[in-house]
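1. The sequence and its predicted three-dimensional model are supplied below.
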Amino acid sequence: MFKILTAEPTHKILQKKLENAGFICEYLPKLSFTELKSIIPEYDGLVIRSKFKIDRDFIDTAKKIKFIARAGAGMENIDTGYAESKNIKCLNSPEGNRDSVGEHAMGMLLTLFHKINIADKEVRSGIWNRKNIGTELQGKTVGILGYG
């Protein structure tokens, strides 16, 4: 049977869906790296977030592992090149925060156009400067370039 270890906190729906698909799942989100490394040879799949750095040494210890999944967009904490050279599939969820990133970009745009940071700092210092009214977006074309 295919055993998957989730070694960091994730939404409970992930475990439920994996179990419904027939996988044996263990949810151990409080493991230390040493504990994780000692038990990883028992598992076929690993789900992490950002806590652990999955390097060559760890990958070599994970003899049965067939995939490493990151519940998040970035893969910088996994040596993906080495993992893939060992036929280990590396997965992530880049769409998970797309709404939040878009909203954050809009918030930053409004902060910039309306000089919110400058005005906030001045008001907290007792200064009211009418020049901090800013620029309205109405009637303008704004482009946002994203680099994932």
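-> It's in.
2. C-alpha only now, for contacts and for neighbours.
-> Will do.
3. Would you mind giving the secondary structure of the residue positioned nearest the centre of the chain?
-> Central residue of the chain (Cα atoms, centre = their mean): residue 72, 2.6 Å from the mean position. Using DSSP: H, G, I helix; E, B strand; the rest coil, the structure places residue 72 in coil.
4. Run through the residues that contact it.
-> Neighbouring residues of residue 72 by Cα atoms under 8 Å, 6 or more residues apart in numbering: 49, 92-94, 96-97.
5. swap in residue 47?
-> 4-8, 68-71.
6. which of these lies closest to residue 138?
-> residue 71 (38.0 Å; Cα to Cα).
7. Give me the neighbour count for the closest one.
-> For residue 71, the tally of surrounding residues (other Cα atoms under 10 Å) stands at 22.
8. The residue nearest to it when sequence neighbours are not counted: what's it in contact with?
-> Of all residues not flanking residue 71 in the chain, residue 49 sits nearest, at 5.1 Å (Cα to Cα, 6 or more residues apart in numbering). Taking Cα under 8 Å, 6+ apart, we find residue 49 in contact with 8-9, 70-72.
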